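Q: Build me a structure from this.
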Amino acid sequence: MVQPRIIVLGAGLGGAIAAFEIKEAVGSKAEVMVVSQGETFHFVPSNPWVAVGWRKRKAIEVALPPVMARKKVGFTGVGARRVHPAENRVELNGGQSLAYDYLVIATGPELAFDEIEGLGPHGGFTQSVCHVEHAERAAEAFERLAAHPGPVVVGAVQGASCYGPAYEFAMILDTELRRRRVRDGTPMTFVTAEPYVGHLGLDGVGDTKGLLESEMRNRHIAFITNARVARVEDGLMTVEEVGDDGAVRTTHQLPFAYSMMLPAFRGVPAVFGIEGLTNPRGFILADRHQRNPTFPNVFSLGVCVAIPPVGKTPVPVGVPKTGFMIESMVTAIAENLKALLEGRAPTHEATWNAICLADFGDGGVAFIAQPQIPPRNVNWSAVGGWVHLAKIGFEKYFLGKIRRGESAPFYEKMALDLIGARKLKA
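A: Below you'll find the predicted structure:
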């Protein structure tokens with residue numbers, strides 16, 4: 001008898017742990033296979049450290065084929081060219097196709113650098129920490145900055161949906177420049193589409209507004225909110241500051257010797273524009289069980305999932321998909337696939353909570369939002385040197401988890417450890 005096949009499309013933070021947890025849940029009832037763009041897992045939260053030389057690429061990489069083989073999960077690193085959900089198949093970049101009974105899309109996003117003239121590390125004038133290759137390029141540019149100090153612009157453009165790394169990198173950059181005794185030669189401006197510092201795409205969590213504004217002032221980092229990047233030239237960024245009515249209030253001409261700007265995201269080409277599967281931005285439509293309404297044998301998790309903004313803002317601001325949320329999506333999908341294979345209807349729903357450790361190199365901010373979208377049962381944030389140490393521990397733990405092929409949930413335990421089980425359950 002031929003086993004049903006479950007394909008997991010993507011092997012990043014969400015896709016890798018999904019493969020392990022789904023295999024553990026379904027056992028011998030189904031074949032599990034991963035289709036990845038490349039054979040290496042990169043721990044993306046460490047990219048800001050790579051960009052200032054605190055980590056080398058090899059330290060945050062895991063070779064996936066031997067791990068998947070040990071867990072009895074099929075694997076290919078050729079990548080997907082196109083998903084054909086009406087035909088239950090994935091077309092690979094090599095021209096071959098894989099049929100599936102169930103598909104789990106965990107591709108992450110495509111980085112939309114091309115939407116702003118001059119943005120990005122390839123053909124543009126700004127750096128990125130979204131991919132380890134970008135972080136390596138950013139590290140080379142950082143060394144040039146340290147040797148020849150000048151103005152710095154860091155932030156996130158309109159439509160971005162991941163703000164934590166922008167704050168992290170601004171503070172880490174400040175920390176390393178001070179260590180090298182060249183911070184006095186590098187005036188820094190933080191540019192963000194958020195309506196206020198600490199919005200984070202979540203309308204703030206606890207006192208993230210106050211905590212992050214205080215960090216900015218203490219570190220002499222100027223900031224522009226409600227910002228729309230009009231274009232980037234070599235050494236010059238044109239930024240439009242938008243009022244609450246949507247009209248341009250001020251246009252800033254920001255010279256820079258170094259800039260790192262997070263781009264907006266969109267769906268990857270393999271799924272973009274498939275009617276019934278994605279929204280106009282290419283993100284996967286999913287119901288409360290992580291299933292696509294049009295193609296119910298297609299599940300999705302992580303950054304590729306369509307989630308509407310928290311509220312209207314003068315400049316478009318997306319919603320982040322944090323590790324806590326992604327992990328809960330993985331568990332819901334694994335349990336729902338198990339149910340379907342046993343002839344039962346899916347019942348599990350993800351708990352869309354957020355936990356974040358924003359490392360500043362010599363301190364940091366931690367926050368927990370339960371649920372991620374307000375109003376919340378838990379709305380907590382804190383600042384301290386312990387956050388930097390916690391982030392180091394988190395990196396070590398998670399890379400070990402991937403190397404061992406473990407599926408055990410982690411984020412909820414970290415939340416309990418951070419603020420105490422009694423308060424969290426209150």
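Q: Please tell me how far the spatially closest residue to residue 161 that is not a sequence neighbour sits from residue 55.
A: Closest residue in space to residue 161, ignoring its immediate chain neighbours: residue 318 at 2.5 Å, by Cβ to Cβ, 6 or more residues apart in numbering. The way it works is simple: take the backbone N, C-alpha and C, and place the C-beta from them, glycine included. Residue 318 sits 27 Å away from residue 55, going by Cβ to Cβ, to the nearest Å.
Q: and these two? which has more neighbours close in?
A: Just comparing residue 318 and residue 55: by other Cβ atoms under 10 Å the higher neighbour count belongs to residue 318, 24 against 19.
Q: Surely the more buried one and residue 201 touch.
A: Yes: using Cβ atoms under 8 Å, residue 318 is in contact with residue 201, at 5.7 Å.
Q: Common neighbours of those two, please.
A: Listed as contacting both residue 318 and residue 201 by Cβ atoms under 8 Å, 6 or more residues apart in numbering are 160-162, 309.
Q: would JSON lines of these with distance to residue 42 be doable?
A: Output for these, formatted as JSON lines (distance: Cβ to Cβ, whole Å):
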{"residue": "160", "distance to residue 42": "20"}
{"residue": "161", "distance to residue 42": "20"}
{"residue": "162", "distance to residue 42": "15"}
{"residue": "309", "distance to residue 42": "28"}
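Q: The residues you listed: which two are farthest apart?
A: 162 and 309 (13.6 Å; Cβ to Cβ).
Q: List the residues that are in contact with both of these two.
A: With Cβ under 8 Å, 6+ apart as the test, residue 162 and residue 309 both reach 201, 318.
Q: Comparing those two, which residue is more hemmed in?
A: The neighbour comparison of residue 162 against residue 309 (other Cβ under 10 Å) goes to residue 162, with 22 against 14.
Q: quick one: the more buried one and residue 354, what's the gap?
A: In terms of Cβ to Cβ, residue 162 sits 12 Å off from residue 354.
Q: what sits in contact with each of the two?
A: Common neighbours of residue 162 and residue 354 are listed as residue 320 (criterion: Cβ under 8 Å, 6+ apart).
Q: Just to be sure, residue 355 is in a helix?
A: No: using DSSP: H, G, I helix; E, B strand; the rest coil, the secondary structure at residue 355 is strand, not a helix.
Q: quick one: the nearest residue to residue 115 once chain neighbours are set aside and residue 283, what's the gap?
A: When the adjacent residues along the chain are set aside, residue 115 lies closest to residue 264, with 6.1 Å between them (Cβ to Cβ, 6+ apart). Plainly put, residue 264 is 12 Å away from residue 283 if you go by Cβ to Cβ.
Q: And residue 144, by the same measure?
A: 36 Å.
Q: now do residue 333
A: Residue 333 is 16 Å from residue 283, by Cβ to Cβ.
Q: Between those two, which has more neighbouring residues?
A: More neighbours surround residue 333 than the other of residue 333 and residue 283, with 30 against 25 (other Cβ under 10 Å).
Q: How about the contacts made by the more buried one?
A: 18, 22, 104, 290, 299, 301.
Q: For the closest residue to the first one other than its chain neighbours, grab phi and psi.
A: What it means is residue 18. What sits nearest to residue 18 in space, not counting adjacent residues and going by Cβ to Cβ, 6+ apart, is residue 330, at 4.7 Å. With angles defined as degrees, to the nearest 10, residue 330 sits at phi -60, psi -50.
Q: for residue 330, what are its contacts?
A: With Cβ under 8 Å, 6+ apart, residue 330 has these contacts: 14, 17-18, 21-22, 301.
Q: Quick one: mark the members of the shared contacts of residue 318 and residue 201 that sit in strands.
A: Judged by DSSP state E, the subset of the shared contacts of residue 318 and residue 201 located in strands is empty.
Q: With pLDDT and distance to residue 400 as new columns, can the residues you listed be given to me in TSV?
A: Output for the shared contacts of residue 318 and residue 201, formatted as TSV (pLDDT from 0 to 100; distance: Cβ to Cβ, whole Å):
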residue	pLDDT	distance to residue 400
160	97	30
161	94	28
162	92	24
309	87	35
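Q: returning to that earlier point: for the contacts of residue 330, work out which two are farthest apart.
A: Largest pairwise distance in the contacts of residue 330, by Cβ to Cβ, is 11.6 Å, between 14 and 22.
Q: Give me the buried positions along the helix or strand where residue 217 lies.
A: Residue 217 belongs to helix 208-218 when elements are defined using DSSP states H and E. If you call a residue buried by 16 or more other Cβ atoms under 10 Å, then helix 208-218 has these buried ones: 208-209, 211-212, 215-216.
Q: so who does the closest residue to residue 50 other than its chain neighbours touch?
A: Of all residues not flanking residue 50 in the chain, residue 135 sits nearest, at 3.8 Å (Cβ to Cβ, 6+ apart). Residue 135 makes contacts with 47-48, 50-51, 57, 128-129, as judged by Cβ under 8 Å, 6+ apart.
Q: Over to residue 67?
A: Residue 67 neighbours (Cβ under 8 Å, 6+ apart): 402-405.
Q: Now which of those residues would you call buried?
A: 402, 405.
Q: where does the stretch 151-300 of the chain dip in pLDDT?
A: Within the stretch 151-300 of the chain, no stretch has pLDDT under 70.
Q: Show me the helices in it, by range?
A: Using DSSP state H, counting those that start in this stretch, the helices found in the stretch 151-300 of the chain span residues 164-179, 208-218.
Q: Distance from the longest one to the middle of the chain?
A: For helix 164-179, the distance between its averaged C-alpha position and the chain's averaged C-alpha position is 18 Å (Cα atoms, centre = their mean, to the nearest Å).
Q: what angle separates it from helix 208-218?
A: Angle, helix 164-179 to helix 208-218, by axes from the mean of the first three to the mean of the last three Cα atoms, to 10 degrees: 20 degrees.
Q: So which elements touch helix 164-179?
A: Where contact means 3 or more Cβ pairs under 8 Å, 6 or more residues apart in numbering; DSSP states H and E, helix 164-179 is packed against helix 47-50, helix 132-147, strand 152-156, strand 188-192, strand 258-262, strand 354-359, strand 364-370.
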